[in-house]
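Visitor: structure, please.
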Amino acid sequence: MELGILLKKLSDCKYQRCTTCNYSLDIQQIKWLEEGQTDFQSSVLYMTESALLPPSDTPGAFAILCFGPLPTAKQYQNASFIIFQIEDPHSWPKLFNSIQALLNESQDITASMHVMVNAMLSDRGLQYLIDSAARVLGNPIYVVDLKYTYLAISDGIAPSDHFFQEQKTLGYLSDQAIAFIRGSQIDATIRKRKNACYFFNEFTNFGMLADSITMQGIEIGHIMLQESEKKFGEFDADLLHRLSKLVAIELQKDSIFTRNRGVMYSYFLSDLIENTRNNYTLVKKRLDAAGYHLKEYLYIITIPSSSYQQSRLRLETIIQQVRSFFSDSMYTIHRDNIVFLTGTDKYSTLNPSDISRLKDFLSVNHLKAGISNFFQDIKDISRFYKQAVDSVILGNRLDDNTVLLYYSDYYIYHIFKVFEGTDVQLEFLIHPGLMQLLYYDKEKNTDLIKTLQEYLLYPGHSSVIAENLHIHKNTLLYRMQKIKDLTNCNFDNGEDFLNFGLSFKIMKYLNML
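Guide: Take a look at the predicted model:
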């Protein structure tokens, strides 16, 4: 146990430091200092009367707790060893026993870690590691990915309650459990503490310790310890935190490039994006032969290179997690962009739950992704790949903080981007009535542009518009009449809404608002 940690745990004891201190000394034992002793070890904390302190020029980095006044305090100011003076000489027996107990607990932690590390090094897989850790901690352990699917459940030490049996049968957390986790903000608490945190599970009526599992700073799952077989010990949270790191190493060994079909399909997807002269009938036959059957509606999801750090492990981790949300997807790395091809049945959309989990993953790890419109023919993959890429580029240009950007929300801006490559001046396409409002606002210091924006967003909802603008309804009516007079438009038909809505988008694209 580090000397600094040991001293913090001795909060009951009053002592003062007399020399320079190296708090990182690893203390493993406490011993009485023998009279005339000349050999000292840095891993031992010595205890003695002040009169028996060794000479100040004794070499070595070690620590001494002494009771009684120092013979000559200044004499030890430059000593290489550390001296702590106990203020109450009568407290030393209790102090000795307290330190001995703490060191014994520390040795128990070391022994526990030894068992778990050996389990991880045995190459017998995640389940063996979790089973070994559960025996050490004496309580059930669960490991889930970000899709709330169980990766491992400790065997042998497991509760027999109905809730657990239901979860085990499902193979993933129930919607109720997920709602509870999100509502209790357990994930947020773990991220803030960067350590295991305690919460009470209302479904099992047991206390839980939970921690995140991360690779290279990327959150990939969670590990949970349930207080069902015995009460949590003082060091269980620390042990679970260390176990989370071993689980991350174990999962890292199970690389996606050796355990799933991604590599088999990466060639096909990359070639479909790059080569527009493919024999698509042959490509479909080869995919069918490889066991991959395309869905009716296809989507491209892209995480651009600008959104992730250039680390191979980090790249693998991102791919592994996104594929866990879309299990039937294939992926490739195309021009440093991570690209996924996924799909749904006809007349269906992508699963909202999967999309929600993807958004959570992107948000937690400060990533952005673009998603194309759906398509049906693989010969169109290249153009829909460009849609996904362009949605992120346009979102960044417009300072959109959204983490998952749909091309369907940005296609108008894409049209503007295409126009920029011609001799068309986009600002000249803005409705003249809107330009009138812009000049009027600048000259009169009014807010008619903002008023019209809200009016177009919430047509027919004057109460909402007035509330958003923090004005009275009568003020809103006055402003709208002024707007109608200046623009010569009544906004009583779809054409006006379309023209002014498009003009607002041009102004936003050109940073005129």
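
Visitor: and Val480, helix, strand or coil?
Guide: Actually, residue 480 is Met. It isn't Val. Look at Met480: counting by DSSP: H, G, I helix; E, B strand; the rest coil, its state is helix.

Visitor: again but with Ile213, I slipped
Guide: Of the three states, Ile213 takes strand under three-state DSSP.

Visitor: run a quick neighbour tally on it.
Guide: Neighbours of Ile213 under the rule other CB atoms under 10 Å: 23. Placement of C-beta: from N, CA and C, glycine included.

Visitor: excluding chain neighbours, what is closest to it?
Guide: Spatial nearest neighbour of Ile213, chain neighbours left out: Gly221 (4.4 Å); criterion: CB to CB, 6 or more residues apart in numbering.

Visitor: measure the one you found to Gly395 for me?
Guide: Distance, Gly221 to Gly395, by CB to CB, to the nearest Å: 28 Å.

Visitor: kindly report the same for Tyr331.
Guide: 21 Å.

Visitor: the two: which has the busier surroundings?
Guide: Higher neighbour count among Tyr331 and Gly395: Tyr331, with 26 against 21, using other CB under 10 Å.

Visitor: can you give me the strands for the stretch 1-150 of the chain?
Guide: Remark: strands assigned in the stretch 1-150 of the chain by DSSP state E, counting those that start in this stretch are 15-17, 29-32, 44-49, 63-67, 82-86, 141-145, 150-153.

Visitor: show me how far stretch 431-444 is from its chain's centre.
Guide: Computed by CA atoms, centre = their mean, to the nearest Å, the chain-centroid distance of stretch 431-444 equals 45 Å.

Visitor: contacting residues around that stretch?
Guide: 446-449, 452, 483, 486-489, 499-500, 502-504, 507, 512 (CB atoms under 8 Å, 6 or more residues apart in numbering).

Visitor: if I've got this straight, the residue nearest to Ile213 is in a helix?
Guide: No. Gly221 is assigned strand when assessed by three-state DSSP, not a helix.

Visitor: so who does it touch?
Guide: Contacts of Gly221 (CB under 8 Å, 6+ apart): Val143, Val144, Asp145, Leu146, Leu151, Ser212, Ile213, Val247, Leu251.

Visitor: Ile190 too?
Guide: By CB under 8 Å, 6+ apart, the contact set of Ile190 is Ala196, Cys197, Ala210, Asp211, Ser212, His222.

Visitor: quick one, longest helix in this protein?
Guide: helix 92-121 (DSSP state H).

Visitor: other SSEs contacting that helix?
Guide: The contact analysis (3 or more CB pairs under 8 Å, 6 or more residues apart in numbering; DSSP states H and E) places helix 92-121 against helix 3-9, strand 29-32, strand 44-49, strand 63-67, helix 126-137, helix 236-253.

Visitor: ok, back up a step: restricted to helices, list the contacts of stretch 431-444.
Guide: Those of the contacts of stretch 431-444 lying in helices (DSSP H): Leu448, Ile449, Leu452, Ile483, Leu486, Thr487, Asn499, Phe500, Leu502, Ser503, Phe504, Met507.

Visitor: relative to Thr58, which of those residues is nearest.
Guide: Among the ones in helices among the contacts of stretch 431-444, Met507 lies closest to Thr58 (CB to CB), at 78.6 Å.

Visitor: excluding chain neighbours, what is closest to the closest one?
Guide: Leu513 (5.1 Å).

Visitor: list the contacts of that neighbour.
Guide: Ile449, Phe504, Met507.

Visitor: how does this structure divide into domains?
Guide: The chain breaks down by automatic domain parsing into domains covering 3-105, 122-254, 260-412, 426-509.

Visitor: as JSON lines, these with distance to Ala111 would be great.
Guide: JSON lines is the format used below for the domains of the chain (distance: least, CB to CB, whole Å):
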{"stretch": "domain 3-105", "distance to Ala111": "11"}
{"stretch": "domain 122-254", "distance to Ala111": "9"}
{"stretch": "domain 260-412", "distance to Ala111": "31"}
{"stretch": "domain 426-509", "distance to Ala111": "62"}
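
Visitor: dump those domains into JSON lines; add mean pLDDT as well.
Guide: Output for these, formatted as JSON lines (pLDDT from 0 to 100):
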{"stretch": "domain 3-105", "mean pLDDT": "80"}
{"stretch": "domain 122-254", "mean pLDDT": "82"}
{"stretch": "domain 260-412", "mean pLDDT": "83"}
{"stretch": "domain 426-509", "mean pLDDT": "93"}
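
Visitor: which one of those lies nearest to Phe419?
Guide: Here domain 426-509 is closest among the domains of the chain (CB to CB), at 5.8 Å.

Visitor: please consider this matter closed, and thank you.
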